[in-house]
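J.: only geometry, no sequence info:
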């Protein structure tokens, strides 16, 4: 499938819009307006329709341009496939986050596929210009380390839970997305901004789809801490109870 055309951010024609887009990226929030103006010419903007593959697992980054991607709007699922074709979602990268940095910097085969989970807008920068930006703005290095550390911790929490109860795994996923993506207040409680269908919950927690449905039902009926609506819309009605299920000795920063 051909890649969507990339459009270079044009600072002269859309000064305010360009800077606003860069400010949407968590990594760049500490930069001054002058710094943002300095890095803006290196970025291109691109739109991906839902379910469009951005790059494929095991491809060499040099074959597609060795680029780092930053999400403006939407969500991208990072997916690994087994030899028999089964898929596991490594994580969902949402607005303000980045992906593809390891492949771009090392040019080793990409460790996962990136697929638009929803209609998604990104800005992207080449590996060469990415290195230049960090050389000129070394303070971004610590921000990048912190961001990568959070990703590693999330992967550890969600993919190394063999001995943990499945209810706790699902509760952790819901709390993670509440903390990271936020929620909108509704009469019943707090509705997660990002829809989490059963297929995603099952993939992230390493449980069967049918078991995911049963656990969500228990959280709704027995524990009375969520409401699950069609399409993966989730309303958290009792966050304290959800934390108890996730394990009372853990801190979620909520």
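T.: Thanks, I have it. Worth saying up front: this structure is predicted, and the values here are computed from it rather than measured.
J.: and residue 215, how many neighbours does it have?
T.: Counted by other CB atoms under 10 Å, the residues lying close to residue 215 total 23. For every residue, glycine as well, the C-beta is placed using N, CA and C.
J.: Distance check, residue 118 against residue 36.
T.: 26 Å (CB to CB, to the nearest Å).
J.: for residue 233, same thing?
T.: On the measure of CB to CB, residue 233 and residue 36 end up 35 Å apart.
J.: Give me the more crowded residue out of those two.
T.: Taking other CB under 10 Å, residue 233 and residue 36 do not tie; residue 36 has more neighbours (19 against 15).
J.: And the more buried one, which helix or strand is it part of?
T.: According to DSSP states H and E, residue 36 maps onto helix 33-39.
J.: now do residue 241
T.: helix 239-246.
J.: who's in contact with that helix?
T.: Here helix 239-246 makes contact (CB atoms under 8 Å, 6 or more residues apart in numbering) with 167-168, 171-172, 174-175, 178, 190, 219, 223-226, 236, 252, 254.
J.: burial measure for residue 6, as a count.
T.: The local packing of residue 6 (other CB under 10 Å) involves 15 other residues.
J.: Got the confidence number for it?
T.: Predicted confidence (pLDDT) for residue 6: 74.
J.: just to revisit the earlier point, which other residues reach the helix holding residue 36?
T.: Helix 33-39 has contacts (CB under 8 Å, 6+ apart) with 11, 18-19, 22-23, 28, 31, 133, 136-137.
J.: What's the ChimeraX syntax to select whichever of these are buried?
T.: This is how ChimeraX selects the buried members of the contacts of helix 33-39, with burial counted by 16 or more other CB atoms under 10 Å:
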select :11,18,19,22,28,31,133,137
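J.: Pick out whichever of the contacts of helix 33-39 sits closest to residue 194.
T.: residue 23 (20.9 Å; CB to CB).
J.: Now that closest one: closest residue in space, sequence neighbours ignored.
T.: Nearest in space to residue 23, with sequence neighbours left out and distances taken as CB to CB, 6 or more residues apart in numbering, is residue 29 at 6.3 Å.
J.: quick revisit: toward the C-terminus, what is the element adjacent to the helix holding residue 36?
T.: strand 44-48.
J.: If you average the pLDDT over that following strand, what comes out?
T.: Rounded mean pLDDT across strand 44-48 is 93.
J.: go on, stretch 53-71?
T.: When pLDDT is averaged over stretch 53-71, the result is 90.
J.: got it, and stretch 121-141?
T.: Mean predicted confidence for stretch 121-141 is 93.
J.: Straight-line length of it, end to end?
T.: Across stretch 121-141, the terminal residues are separated by 24 Å (CA to CA, to the nearest Å).
J.: in that stretch, what's buried?
T.: Under 16+ other CB under 10 Å, the buried positions of stretch 121-141 are 121-127, 130, 133, 137, 140.
J.: Give the burial count for the residue nearest to residue 23, as a bare number.
T.: Residue 29 has 12 neighbouring residues, counting by other CB under 10 Å.
J.: before we move on, what about the one 3 residues further on?
T.: Here the number of neighbours of residue 32 (other CB under 10 Å) works out to 9.
J.: How about residue 166?
T.: When neighbours are counted by other CB under 10 Å, residue 166 comes out with 17.
J.: Equivalent analysis for the one 4 residues further on, please.
T.: A total of 26 residues lie near residue 170 under the criterion other CB under 10 Å.
J.: Go ahead and measure how far the host helix or strand of it is from the middle of the chain.
T.: Assigned by DSSP H and E, residue 170 falls within helix 166-181. Put simply, helix 166-181 sits 14 Å off its chain's centre (CA atoms, centre = their mean, to the nearest Å).
J.: wait, doesn't residue 109 sit right on residue 59?
T.: Yes: using CB atoms under 8 Å, residue 109 makes contact with residue 59 at a distance of 6.8 Å.
J.: Just list what the longest helix along the chain packs against, helices and strands only.
T.: The longest helix of the chain (DSSP state H) is helix 139-159. Applying 3 or more CB pairs under 8 Å, 6 or more residues apart in numbering; DSSP states H and E, one finds that helix 139-159 contacts strand 87-94, helix 127-136, helix 166-181.
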